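> Give me a 3D structure for the following:
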Amino acid sequence: MRSAIWLKTPAPTGPEAFKEGWNEALPIGNGSLGAMVYGDPKNDILQLNEETVWVGNGGRNRVNPKAKGSWKRVRELLLEGRIKEAEALCESDLYAVPDQQRYYDACGHVRLKFSHGEYADYRRELDLENAVLRVSFRDGGSEYLREYFVSYPEQVICMKEKSLSGERFNCSIDISERDNQDYNLDINEVGSYVTVRQPEGGCEYALMLSADGDGCVISSEKGAEAYDCTELTVWITIRSDFYGDDFLAWCSEKLASAQELGYDAVKARHIEDYKGWFDRVFLDLGGEDLGNIPTNERFKNAENDPGLAKLYFDYGRYLLISCSRPGTKPANLQGIWNKDHTPPWGSKYTININAEMNYWPAGVCGLSELEMPLFEHLKTMLPYGKKVAEDMYGLGGFCAHHNTDLFGDCAPQDRWMPATVWPMGAAWLCTHIRTHYEYTGDVGFLAEYIDILKESCRFFTEYLFEHDGKLITGPSTSPENTYLHPSGESGSLCVGPTMDSMIIRDIFESCLEYSRQLNVWDGLCDKISEMLPKLPQPSVGKYGQIMEWAEDYDEVEPGHRHISHLWGLHPGSQLTYSKTPELMSAARVTLERRLSNGGGHTGWSRAWIINMWARIRDGEKVGENVAALLSRSTYPNFLDMHPPFQIDGNFGGTAGIAEALLQSHDGVITLLPALPESWKNGELRGAKARGGLSVDMKWEDGKITRACLKADRAGDFTVSVPGRENVKLTLRAGETAEL
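Residues are numbered from 1 along each chain as shown. Here you go, the predicted model:
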């Protein structure tokens with residue numbers, strides 16, 4: 001069963017091209033360069049992005065100068081139940097000035113106008129196994145094939161059209177449409193280019209295009225013109241001054257080098273590079289091969305189409321490989337694919353779940369190296385986060401709020417009470433240090449990042465305060481949710497939300513464990529050891545649910561998209577059947593209440609719910625929610641529908657499918673912990689478990705028929721399969737065991 005997404009029509013390129021048409025275009029990328037391909041035989045569009053093209057620049061201190069003298073008073077008002085007064089003071093004294101961080105921008109688009117007439121037998125296919133997008137069609141008696149990909153080795157976007165029957169065609173290529181930007185068009189010895197200066201002191205960048213073919217091909221200030229070709233290749237690259245080099249010379253060098261290699265060699269090198277990542281894991285979920293049906297037409301029968309879930313899993317891996325590589329910037333709210341000059345939520349790094357969710361599939365899918373841009377960004381954030389801790393709170397350590405940007409801004413973002421003042425963003429990112437180490441065992445990585453983890457912990461050793469014998473946070477929020485106070489007031493700002501304690505427990509425990517391991521125990525560790533027992537444990541409320549706040553408040557919106565108080569279920573591992581069986585029952589009640597009141601109505605929220613049902617080990621709920629994600633929250637191009645598009649749902653959904661098949665978060669490696677009935681026959685190869693184990697397995701009628709476990713490094717492992725609990729293994733590095 002081939003892994004490919006295909007559609008039988010091009011994406012609309014008319015007046016709605018950059019609205020609904022974009023949701024039918026297909027993404028290609030190499031980590032830093034991205035394009036959305038429309039694939040119209042006559043009027044094609046490539047909408048372009050480069051990861052460092054942002055409006056504005058960094059280096060700002062946006063902390064409200066009144067904050068240091070006011071945040072403790074906000075806390076006091078909250079403790080007194082004077083919610084509206086607390087929120088009014090928060091709004092006047094704690095919100096940043098200005099309140100907005102920098103935001104991501106689109107790089108415009110290229111239009112390709114071909115001389116084709118009416119076409120038939122159209123097919124647009126994204127080959128996930130090779131990262132090549134193909135468009136095929138017939139014009140009269142002639143057949144045409146068009147291919148697109150983005151090369152990581154050569155750092156170029158490539159498009160080639162070939163007439164399979166030798167018919168000649170013309171093409172006009174236009175890069176001149178610029179949406180009122182400050183730009184210049186010109187030509188050099190390699191091709192045509194546009195240089196653009198971003199507003200608000202933003203970056204300057206170049207978009208350069210060159211073309212070659214077997215007819216007459218000439219550069220023009222608008223792009224290029226091609227006549228009487230049976231083959232035409234278009235080469236594009238983009239570079240900004242973020243890197244501090246001569247971006248025009250860089251573009252010229254990349255295009256010239258790619259053209260010298262030639263299309264076939266560039267394509268071969270691209271496929272070899274990509275498959276080195278993609279081929280690490282293989283999944284088959286059985287079912288009928290429905291690859292003859294256009295992929296978007298299969299959504300309506302998603303619950304009976306396990307092959308569609310397999311495609312979604314493969315697509316998530318494709319997207320992560322295509323938007324996050326070692327040496328690039330982390331995947332933002334849209335990966336790298338954004339059509340707007342002022343995108344929704346700035347297409348920044350939203351760190352109250354979305355940026356973290358982007359990397360949930362990395363470890364289990366054998367792609368841990370692709371998470372490195374996230375850790376490199378922690379280094380970028382660190383000096384800004386330490387300054388925010390000092391200037392806003394008068395405290396030591398490192399903190400960030402619910403967004404950051406390309407430049408590492410850590411101050412509060414927006415003027416929105418349910419989200420803005422939430423000092424947990426850096427801490428949640430730091431929990432990924434533990435996860436990455438658990439999968440890779442890379443002690444050098446741990447030594448490199450232990451100081452950042454400690455700085456995050458240091459902030460909370462000073463920010464936490466004692467109340468009713470417990471150490472809690474405040475002011476804070478339970479991200480984006482609102483509660484009803486017994487006074488009759490509603491509020492978002494609070495003290496002691498459950499999620500905060502869960503995240504702090506995770507980083508405190510990690511700091512102590514790894515400080516011992518690395519022999520870097522210090523006075524901070526002594527302080528953390530004293531404070532850790534005073535962190536609150538989750539409580540069960542009047543509905544039998546996990547309480548979201550320190551008090552058993554009702555929610556204004558019981559079906560809210562965030563389910564923050566289940567952080568300890570997933571992505572954390574504090575709620576498990578072995579450690580907290582009674583809280584697992586309460587977690588189920590929590591999920592059921594959210595869903596019965598309309599929860600899961602955004603794509604990323606539905607994806608998170610899949611992971612939670614997998615942790616609860618309810619395979620049928622996993623299957624139902626995967627089907628709901630596909631049928632209700634997925635665009636025709638398979639991208640996640642928030643709405644609008646956010647890529648986190650794709651990554652969260654991919655992680656959820658893996659979580660149903662393999663879990664390793666509780667000291668036990670569990671095979672098929674939450675298998676839906678519709679996936680009863682299948683195979684998984686190359687998946688990774690925490691502790692350093694590679695897993696290959698096949699199953700029939702829900703039962704394991706073969707499981708081969710290979711130790712990536714020496715260790716003791718406990719493995720459970722259906723019918724065989726807690727099998728103990730001791731393996732040397734490279735040794736395998738069959739179950």
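> list the contacts for the residue lying closest to H560 once chain neighbours are set aside?
Excluding its sequence neighbours, the residue lying closest to H560 (C-beta to C-beta, 6 or more residues apart in numbering) is N481, at 4.9 Å. The C-beta positions use only the backbone N, C-alpha and C, and glycine is treated the same way. Contacts for N481 (C-beta atoms under 8 Å, 6 or more residues apart in numbering) come out as P418, S492, E548, E555, V556, E557, H560, H562, S564.
> Just the buried ones from those residues?
Buried members of the contacts of N481, counted by 16 or more other C-beta atoms under 10 Å: P418, S492, E548, E555, H560, H562, S564.
> how about these in TSV, adding pLDDT, secondary structure and distance to P344?
Formatted as TSV, the buried ones among the contacts of N481 follow (pLDDT from 0 to 100; DSSP: H, G, I helix; E, B strand; the rest coil; distance: C-beta to C-beta, whole Å):
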residue	pLDDT	secondary structure	distance to P344
P418	97	coil	17
S492	98	coil	21
E548	98	coil	26
E555	94	strand	25
H560	95	coil	19
H562	96	coil	17
S564	97	helix	21
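> so who does the closest residue in space to I563 that isn't next to it in sequence touch?
Nearest residue to I563 in three dimensions, chain neighbours excluded: R594, at 5.7 Å (C-beta to C-beta, 6+ apart). Counting by C-beta under 8 Å, 6+ apart, R594 touches P558, G559, H560, I563, G600, I609.
> now those: which count as buried?
For these, buried by 16+ other C-beta under 10 Å: H560, I563, G600, I609.
> I'd like to know the phi and psi angles of the third one, please.
It stands for G600. Dihedral pair for G600: phi 80, psi 20, per degrees, to the nearest 10.
> isn't it right up against N625?
Yes: G600 is within contact range of N625, at 6.9 Å (criterion: C-beta atoms under 8 Å).
> D414 versus G59, what's the distance?
Using C-beta to C-beta, to the nearest Å, we find G59 at a distance of 20 Å from D414.
> Report the secondary structure state of A11.
coil (DSSP: H, G, I helix; E, B strand; the rest coil).
> Next, count neighbours for it.
Residues near A11, counting by other C-beta atoms under 10 Å, number 25.
> give the contact list for it.
A11 sits in contact with A17, G21, W22, E24, A25, L26, V37, Y38, G39, D40, I45, N637, where contact means C-beta under 8 Å, 6+ apart.
> gap between it and D121?
Distance from A11 to D121, counting by C-beta to C-beta: 18 Å.
> what do you get for N43?
Here N43 is placed at a distance of 18 Å from D121 (C-beta to C-beta).
> could I get the contacts of A11 as JSON lines with distance to C457, neighbour count and secondary structure?
Below are the contacts of A11 laid out as JSON lines (distance: C-beta to C-beta, whole Å; neighbours: other C-beta atoms under 10 Å; DSSP: H, G, I helix; E, B strand; the rest coil):
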{"residue": "A17", "distance to C457": "49", "neighbour count": "21", "secondary structure": "coil"}
{"residue": "G21", "distance to C457": "48", "neighbour count": "21", "secondary structure": "helix"}
{"residue": "W22", "distance to C457": "42", "neighbour count": "24", "secondary structure": "helix"}
{"residue": "E24", "distance to C457": "46", "neighbour count": "22", "secondary structure": "helix"}
{"residue": "A25", "distance to C457": "44", "neighbour count": "29", "secondary structure": "coil"}
{"residue": "L26", "distance to C457": "43", "neighbour count": "24", "secondary structure": "strand"}
{"residue": "V37", "distance to C457": "45", "neighbour count": "25", "secondary structure": "strand"}
{"residue": "Y38", "distance to C457": "48", "neighbour count": "25", "secondary structure": "coil"}
{"residue": "G39", "distance to C457": "50", "neighbour count": "27", "secondary structure": "coil"}
{"residue": "D40", "distance to C457": "54", "neighbour count": "27", "secondary structure": "coil"}
{"residue": "I45", "distance to C457": "49", "neighbour count": "24", "secondary structure": "strand"}
{"residue": "N637", "distance to C457": "42", "neighbour count": "23", "secondary structure": "coil"}
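> Out of those, which one has the weakest pLDDT?
Among the contacts of A11, A17 carries the lowest pLDDT, at 91.
> check contacts around P418.
T477, P479, E480, N481, T482, S492.
> What is the most widely separated pair among the residues you listed?
P479 and T482 (11.0 Å; C-beta to C-beta).
> When those two are compared, which one has more neighbours?
When P479 and T482 are compared for neighbours, P479 comes out ahead with 25 against 18, by other C-beta under 10 Å.
> contacting residues for the more buried one?
Contacts of P479 by C-beta under 8 Å, 6+ apart are N352, I353, H402, P418, A419, W422, M499, H562, S564.
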